[in-house]
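Student: Provided below for reference: sequence and predicted model.
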Amino acid sequence: MQRLVIIEDQAGLRERMVEILTSERTYRIVGQCGDGQEGVRMCLKLRPDMVVLDAKLAVQGGVDVLRMLAEASPPPRVLVFSAHGNPVVGRERLKSGAQAFVKASIGLQDFRKGLATLAAGGTYFGSDTAKLPGTAGPGPEFRKARDLLSVREREILKLVAEGNSSNEIASRLGLSPKTVGNHRTNLMRKLNLHDVASLTRQAMELGLLEGSKRP
């Protein structure tokens, strides 16, 4: 029997998950909570085999939780459950250590299948997210993610990923630091990424860095 913790900030959805999983003999829910900080503490204390994690927690975001869980010994296997359709969100969670990603809009069949695959030691990306980079290769959703950015935004993304500050980028491109800051804010909003490490991985995915593959 797999020991499982649920970290989901929507109480109604969390209760529904508990109801579903309690009826299945494969899993035993050892903890549940609504925020990331409490969830990490719970997992470090209870050492579950598996975790169901909300993709975008209001407190202590999903990426941060994944990174902290990855440092546990042994780390639990994580299924990210997302109410959001943005493919960048899914890819970022997988890159941060999740072994499964399921969108809420697909329904319970994918949720059950994802958990079963995880329990068996496999990885699962949902019936409509199989084209996430790092799974079955880049698909049209990620070409669309690339196309969200203007030429200038891609240029700034590349320079950020190479370690340049906003002032250095402004000097190189002949722009004001404020203009660079605006472009940087816009590209982060479009990609739903909020730290340099995530932006660097995105730049590599989009083939903007030397030695990286363009989708």
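Tutor: Alright, I've got the coordinates. Every value quoted in this text rests on a predicted model; they were computed, and no experiment measured them. Numbers count the residues shown, from 1 in each chain.
Student: contacts and neighbour counts: CA atoms only from here.
Tutor: Fine.
Student: low-confidence ranges, this structure, go.
Tutor: 58-61, 84-96, 105-107, 126-147, 210-215 (pLDDT under 70).
Student: tell me the residue in this protein that is farthest from the middle.
Tutor: residue 174 (34.5 Å; C-alpha atoms, centre = their mean).
Student: can you pull out the helices in the chain?
Tutor: 11-22, 36-46, 62-70, 87-95, 108-119, 140-147, 151-161, 166-173, 177-191, 196-205 (DSSP state H).
Student: give me the residues contacting stretch 17-37.
Tutor: 1-11, 14, 39, 42, 46, 48, 57-62, 65 (C-alpha atoms under 8 Å, 6 or more residues apart in numbering).
Student: swap in 7 Å and give it another go.
Tutor: Applying C-alpha atoms under 7 Å, 6 or more residues apart in numbering, the contact partners of stretch 17-37 are 1-10, 39, 57, 59-61, 65.
Student: how close does residue 189 sit to residue 98?
Tutor: The gap separating residue 189 from residue 98 is 22 Å, by C-alpha to C-alpha, to the nearest Å.
Student: number of residues surrounding residue 1?
Tutor: Neighbours of residue 1 under the rule other C-alpha atoms under 10 Å: 10.
Student: let me see the contact set for it.
Tutor: Counted by C-alpha under 7 Å, 6+ apart, residue 1 has contacts 26, 27, 28.
Student: buried among those? Make that a PyMOL selection.
Tutor: Here is the PyMOL command that selects the buried residues among the contacts of residue 1 (16 or more other C-alpha atoms under 10 Å):
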select buried, resi 27+28
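Student: closest to residue 154 among the contacts of residue 1?
Tutor: Taking C-alpha to C-alpha as the measure, residue 154 lies nearest residue 27 of the contacts of residue 1, at 44.7 Å.
Student: mind listing what the closest residue to the closest one other than its chain neighbours touches?
Tutor: Distances taken as C-alpha to C-alpha, 6 or more residues apart in numbering place residue 2 nearest to residue 27, at 4.7 Å, with adjacent residues excluded. Counting by C-alpha under 7 Å, 6+ apart, residue 2 touches 26, 27, 28, 49, 50, 119.
Student: turn these into CSV, including distance to residue 110.
Tutor: As requested, those are arranged in CSV below (distance: C-alpha to C-alpha, whole Å):
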residue, distance to residue 110
26, 16
27, 16
28, 19
49, 20
50, 16
119, 14
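Student: which ones among those map onto strands?
Tutor: Among these, the subset assigned to strands under DSSP state E consists of 27, 28, 50.
Student: my guess is the last one meets residue 74, correct?
Tutor: No: using C-alpha atoms under 7 Å, residue 50 is not in contact with residue 74, being 10.9 Å away.
Student: more neighbours: the two, which one.
Tutor: Using other C-alpha under 10 Å, the more surrounded residue of residue 50 and residue 74 is residue 50, with 22 against 12.
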